[in-house]
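Novice: model this:
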Amino acid sequence: MIPQETVERIRESVDLVALVGEHVKLRRMGGDWRGPCPFHGGKNPNFSVSTRRNFYHCFKCGESGDAFSFLQKHLGMDWPTAVRTLGQRVGIEIIETRGARDGDRKDPREPLWALLGTAVQLFRDALWSDAGREAQSYLAGRGLDQAACDRFSLGFAPADPKWLRDKCRALGYTDQQLLEAGLLVQREDEHEPRVRFRNRVIFPIHDATGHPVGFGGRLLGPGEPKYLNSSDAPHFRKGELLYGLHWAKQSIRKDERALVVEGYMDVIRCHLAGITHAVAGLGTALTEQQAVLLARYTTDVWLFYDSDEAGQICRHARSRRHRTGDRAGARSVRTPTPAPRAQGLVRRSRQGATSDRQAHADHPRHRRWHDARALRIAPRGGGGGRCRHDRA
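Specialist: Presented below is the predicted three-dimensional model:
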């Protein structure tokens with residue numbers, strides 16, 4: 001038996017347009033993709049594939065379904081084979097169970113998630129301890145009260161180099177487990193591991209399904225680096241994650257658009273102001289993998305970055321297309337003068353803009369990236385376009 005959680009993870013990860021595009025010549029029409037139906041053999045574009053819902057439907061014969069049913073109906077696979085095929089396609093390991101009598105086998109990552117969840121709670125507790133008073137003041141100065149901090153699970157890593165290690169040891173965790181989770185680091189020239197986060201406000205980072213996978217830390221006081229993320233690891237690849245996506249994905253699907261802002265605090269401000277389809281990258285640039293991740297939920301993405309960022313993304317899309325021959329396009333709009341980042345957008349939303357879409361449109365620094373698929377290989381017959389970098 002294949003655990004349902006594994007099935008859902010595969011369903012979320014599969015690019016249905018790319019899968020169907022290997023068998024059907026698709027073209028973009030509005031927010032969806034259209035082509036001739038492979039089930040009744042039509043020639044007209046009655047067959048629609050929706051990236052927002054990860055669902056296909058033929059308006060002529062009525063066939064509809066998801067990636068699993070497409071393989072079953074079109075290629076004749078049975079259910080387990082379809083799941084295994086798609087699991088291999090997206091790189092998700094499938095661990096089958098023997099059934100309810102023996103109990104479901106746990107996902108091998110569950111101990112890691114449990115440890116990181118424990119760390120989230122320890123950091124949260126530390127924030128509201130005496131040691132966290134400076135962090136409390138910093139967050140209050142950014143307009144966040146305790147309710148807001150609790151909503152987003154914000155925490156604090158004390159300066160004491162032994163604090164987290166001792167807390168986790170008392171709970172039965174070993175140094176090796178802490179090293180694998182990225183909570184400790186050890187250099188080759190050092191005999192003892194050391195904690196990665198010290199004297200930092202902590203922002204827990206989750207994957208799209210809501211599991212804790214890492215942390216971002218903002219240093220209090222002088223020193224470098226001011227911002228620090230967990231180290232890249234099999235469970236934490238910052239170029240493949242988006243901060244806040246597990247909160248925002250339902251709103252992104254509902255609103256059919258996403259807002260990408262620069263930092264963790266920008267995401268929090270947006271969500272507190274009711275702009276709940278905001279996410280952020282874990283670095284200075286939006287990566288190709290993050291673009292593919294967004295494209296599972298919407299193809300209408302607004303970039304709210306510093307002055308040169310949208311153009312860098314556009315140039316990357318163009319150079320990739322020249323290397324691979326992809327027919328893909330991106331468009332961005334930027335202003336030459338700097339201005340506050342998400343604060344202005346949030347202020348406009350709070351001042352009663354009729355909708356956050358209007359707040360986006362009114363703000364002088366918005367950047368709209370019309371096609372989130374610009375940084376990926378388009379499926380066969382995918383939409384064309386050229387990369388244009390406009391100055392507002």
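Novice: which residues does the closest residue in space to D175 that isn't next to it in sequence contact?
Specialist: Spatial nearest neighbour of D175, chain neighbours left out: P193 (5.7 Å); criterion: Cβ to Cβ, 6 or more residues apart in numbering. For every residue, glycine as well, the C-beta is placed using N, CA and C. Going by Cβ atoms under 8 Å, 6 or more residues apart in numbering, P193 touches R165, D175, L178, L179, L184, V185, Q186.
Novice: Now with 10 Å, please.
Specialist: Going by Cβ atoms under 10 Å, 6 or more residues apart in numbering, P193 touches R165, D175, Q176, L178, L179, L183, L184, V185, Q186, R187.
Novice: now N46
Specialist: R34, G35, P36, C37, H40, H57, C58, F59, K60, C61.
Novice: Let's have those residues in JSON lines, adding neighbour count.
Specialist: Formatted as JSON lines, the contacts of N46 follow (neighbours: other Cβ atoms under 10 Å):
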{"residue": "R34", "neighbour count": "19"}
{"residue": "G35", "neighbour count": "24"}
{"residue": "P36", "neighbour count": "18"}
{"residue": "C37", "neighbour count": "22"}
{"residue": "H40", "neighbour count": "13"}
{"residue": "H57", "neighbour count": "17"}
{"residue": "C58", "neighbour count": "17"}
{"residue": "F59", "neighbour count": "15"}
{"residue": "K60", "neighbour count": "13"}
{"residue": "C61", "neighbour count": "14"}
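Novice: ok, the residues you listed vs R9, which is closest?
Specialist: Looking at the contacts of N46 and their distance to R9, the nearest is H57, at 23.5 Å (Cβ to Cβ).
Novice: tell me the domain ranges of this structure?
Specialist: 4-90, 110-236, 240-391 (automatic domain parsing).
Novice: how about the ones you listed in a markdown table, adding mean pLDDT and distance to E96?
Specialist: A markdown table is the format used below for the domains of the chain (pLDDT from 0 to 100; distance: least, Cβ to Cβ, whole Å):
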| stretch | mean pLDDT | distance to E96 |
| --- | --- | --- |
| domain 4-90 | 88 | 8 |
| domain 110-236 | 94 | 16 |
| domain 240-391 | 62 | 25 |
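Novice: how much space between the residue nearest to D175 and L282?
Specialist: P193 is 23 Å from L282, where distance means Cβ to Cβ, to the nearest Å.
Novice: returning to that earlier point: how much space separates the residue nearest to D175 from P234?
Specialist: From P193 to P234 the distance is 19 Å (Cβ to Cβ).
Novice: related to what we said a few turns ago, pick the one among the contacts of N46 closest to V260.
Specialist: When these are compared for distance to V260 (Cβ to Cβ), R34 wins out at 27.0 Å.
Novice: next one: phi and psi at that closest one?
Specialist: Dihedral pair for R34: phi -130, psi 150, per degrees, to the nearest 10.
Novice: residues touching it, list them.
Specialist: R34 makes contact with 24-28, 44-49, 59, 381, according to Cβ under 10 Å, 6+ apart.
Novice: out of these, what pair is the most spread apart?
Specialist: Of all pairs in the contacts of R34, the most separated under Cβ to Cβ is F59 and G381 at 18.6 Å.
Novice: Now, the contacts of N46 that are in strands?
Specialist: Those of the contacts of N46 mapping onto strands are R34, G35, H57, C58, per DSSP state E.
Novice: who's in contact with the last one?
Specialist: It refers to C58. Residues near C58 by Cβ under 10 Å, 6+ apart: P36, C37, P38, F39, H40, G42, N46, F47, S48, S64.
Novice: hang on, isn't the fifth one packed against F47?
Specialist: Yes: A contact is recorded between H40 and F47 when judged using Cβ atoms under 10 Å, the distance being 9.1 Å.
Novice: Go ahead and confirm Q146 touches Q136.
Specialist: Yes: using Cβ under 10 Å, Q146 is in contact with Q136, at 8.2 Å.
Novice: Going along the chain, name the helices of the stretch 51-200 of the chain.
Specialist: Along the stretch 51-200 of the chain, counting by DSSP state H, counting those that start in this stretch, helices occupy 67-75, 79-90, 110-127, 133-141, 146-151, 163-170, 175-181.
Novice: which stretch among the ones you listed comes nearest A208?
Specialist: Here helix 79-90 is closest among the helices of the stretch 51-200 of the chain (Cβ to Cβ), at 12.4 Å.
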